[in-house]
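Build me a model from this:
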Amino acid sequence: MLMETNTLPSYTRYASSDNDLPSKFAIPQEADFDVGLRPIYDVDHKAISGKKQVFRKDTNDGLAVVSNMYKTRSYSKAINHFNDLILNSKLNLEDVEVVDQVDNNGAVFIRNYWFNRIKGIQMFSDPSERSILGLQFKSSHNLLFAEDLMLWSKYLWCDNGCSNEDWKINVRIKHNTSKDIKVDYTALDGAIENFLQGEEAKKELISKPISLLTVKELFRRTLAKQEYTPHGQINKLPYSEFTLALLMTLYKKYSDRYTENLFAVFQTATDWSTHVQTKGKVYNVQNRRNARVHDMMKSSIWLNKAD
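So this is what the prediction gives:
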């Protein structure tokens, strides 16, 4: 019989406001533990070939069933590397904020560093109409995430998140390798420069008008596009009517604020990908939607309007 793994439903959030940077950057106790691998036995007490269980060494709790290829790595090893990188960099660390999320008995860990003094362009007169730079680390012991480091930004007025493939820091290490996740100072400096350049391009979107009909067609072909046929559904449309209606409602909110332009479309898309309401795993939905947003901005409709 397979050993059951613990999946606690709580989604705990830890935010540090300590002014002492080493203390602020310390990994939370809930995520500071070592993990190991142990055999899984059948009803006859024979080890099951090709399978092992990830377990916490401090509590002996099982976290996931994995293949023999799986390699364990503690969260603290990666976090210590990123902390050293940031603390010894030229980044402005005044008012830096660290937000940690720990889920499923430590099986999932997400850290966000928010550099509140590294700001994008002021888009409008309201001080909240600008972005701040962030660095996000994700990992898991239950196969939900590989070790993943991503530079991204947050628009203050709406808390919409945004990443860009051109920001150079987007490192992913799967759990089937012993390789450690590493980033150097050159990559960090280059990523920040790319972020600031991207802010210039973002501001140009304000001066790019777009009609309501074109917005709807853009969403039909990209964000609301159906990629599969739900079981038993007949005469399926090539897009989700529910998703399209949701996007158009969001677009009205942003077009009312910014007028009908590509910036309002961009804000709609990042709102949709950031603020997810689902019965499933929020992380997975966010990842899929982020990929959709990137694809939207490579579509012919978008490129023609942005040119």
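
contacts, neighbours, all on C-alpha from now
Noted.

gap between the helix or strand where residue 83 lies and the chain center?
Of the helices and strands defined by DSSP states H and E, residue 83 is found in helix 75-87. Relative to the chain's own centre, helix 75-87 is displaced by 18 Å; criterion: Cα atoms, centre = their mean, to the nearest Å.

That one: which residues count as buried?
75, 76, 78, 79, 82, 83, 85, 86 (16 or more other Cα atoms under 10 Å).

helices or strands next to it in the packing?
Contacts of helix 75-87 with other secondary structure elements, assessed using 3 or more Cα pairs under 8 Å, 6 or more residues apart in numbering; DSSP states H and E, are absent: no helix or strand is involved.

Give me the next element, helix or strand, following that helix.
Following helix 75-87 in sequence, per DSSP H and E, is strand 97-103.

hey, C-alpha coordinates of the longest helix seen in the chain in PDB?
What stands out as the longest helix in the chain, according to DSSP state H, is helix 185-204. Written as PDB, here are the backbone C-alpha positions of helix 185-204 (Å, rounded to 0.1, in the frame of the first residue of the first chain):
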ATOM      1  CA  TYR A 185      25.900  40.100 -10.700                       C
ATOM      2  CA  THR A 186      26.100  40.800 -14.500                       C
ATOM      3  CA  ALA A 187      22.800  39.100 -15.100                       C
ATOM      4  CA  LEU A 188      21.200  41.000 -12.300                       C
ATOM      5  CA  ASP A 189      22.400  44.400 -13.500                       C
ATOM      6  CA  GLY A 190      21.400  43.500 -17.100                       C
ATOM      7  CA  ALA A 191      18.000  42.500 -16.000                       C
ATOM      8  CA  ILE A 192      17.400  45.800 -14.200                       C
ATOM      9  CA  GLU A 193      18.500  47.700 -17.300                       C
ATOM     10  CA  ASN A 194      16.100  45.700 -19.400                       C
ATOM     11  CA  PHE A 195      13.300  46.400 -17.000                       C
ATOM     12  CA  LEU A 196      13.800  50.200 -17.200                       C
ATOM     13  CA  GLN A 197      14.000  50.000 -21.000                       C
ATOM     14  CA  GLY A 198      10.700  48.000 -21.000                       C
ATOM     15  CA  GLU A 199       9.100  50.800 -19.000                       C
ATOM     16  CA  GLU A 200       9.700  53.200 -21.900                       C
ATOM     17  CA  ALA A 201       8.000  50.800 -24.300                       C
ATOM     18  CA  LYS A 202       5.100  50.400 -21.900                       C
ATOM     19  CA  LYS A 203       4.500  54.100 -21.700                       C
ATOM     20  CA  GLU A 204       4.300  54.200 -25.500                       C
END
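
would you turn the buried residues of helix 75-87 into a markdown table with distance to residue 206?
As requested, the buried residues of helix 75-87 are exported to a markdown table (distance: Cα to Cα, whole Å):
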| residue | distance to residue 206 |
| --- | --- |
| 75 | 41 |
| 76 | 42 |
| 78 | 39 |
| 79 | 38 |
| 82 | 35 |
| 83 | 37 |
| 85 | 36 |
| 86 | 33 |
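
closest to residue 187 among these?
Nearest to residue 187 among those: residue 85, at 10.8 Å, using Cα to Cα.

shaky segments in this structure?
Confidence mapping of the chain against pLDDT under 70 gives the ranges 1-19, 163-185, 227-236, 280.

all helices of it, in order?
Counting by DSSP H, the chain has these helices, from start to end: 21-25, 75-87, 185-204, 212-221, 241-258, 262-274, 282-296, 300-306.

Those: which one's closest to residue 107?
helix 75-87 (10.2 Å).

quick one: that closest one to helix 185-204, angle?
Counting by axes from the mean of the first three to the mean of the last three Cα atoms, to 10 degrees, helix 75-87 lies at 70 degrees to helix 185-204.

Could you identify which of the helices of the chain is most buried?
When you average the neighbours per residue for each of the helices of the chain (mean count of other Cα atoms under 10 Å), helix 262-274 leads with a mean of 23.
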